[in-house]
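Asks: compute the structure for the input listed below.
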Amino acid sequence: MVHSAYDAFELLSDCPTKIDAIESYGSKLLLGCSDGSLWIYCSDSCGADRFPPSDQFALRKEPYTLERTVAGFSKKALL
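Replies: Take a look at the predicted model:
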């Protein structure tokens, strides 16, 4: 019997820059890129009340859209 520790799935596709760091903050996805920029993504249902409060901060297998980009967030790589 094979056991999988986690299920892998693609949240984003065709990102124009190299991703150095990734973190989830609530229902948002924060990406630190090699050029020092910070990209903030939110799920399409970020503001909707479709999910119960216990599942409010979980990453979901649904499309994430770019909410905001902070250029020059870091002068060094975000590792």
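Asks: could you use CA atoms for every contact and neighbour count after this?
Replies: Noted.
Asks: contacts only, for the residue nearest the centre of the chain.
Replies: Nearest to the geometric centre of the chain sits L29, at 2.5 Å (Cα atoms, centre = their mean). By Cα atoms under 8 Å, 6 or more residues apart in numbering, L29 lies in contact with I22, E23, I40, Y41, C42.
Asks: so D14 is in which element?
Replies: Assessed by DSSP states H and E, D14 sits outside every helix and strand.
Asks: where's it relative to E62, distance?
Replies: 16 Å (Cα to Cα, to the nearest Å).
Asks: and S13, by the same measure?
Replies: For S13, the distance to E62 - Cα to Cα - is 12 Å.
Asks: of the two, give the one with the bigger neighbour count.
Replies: Higher neighbour count among S13 and E62: E62, with 13 against 8, using other Cα atoms under 10 Å.
Asks: for I22, which three-state class applies?
Replies: The local conformation at I22, judged by DSSP: H, G, I helix; E, B strand; the rest coil, is strand.
Asks: show me what contacts K76?
Replies: G36.
Asks: you'd agree it is in a helix?
Replies: No. Going by three-state DSSP, the assignment for K76 is coil, not a helix.
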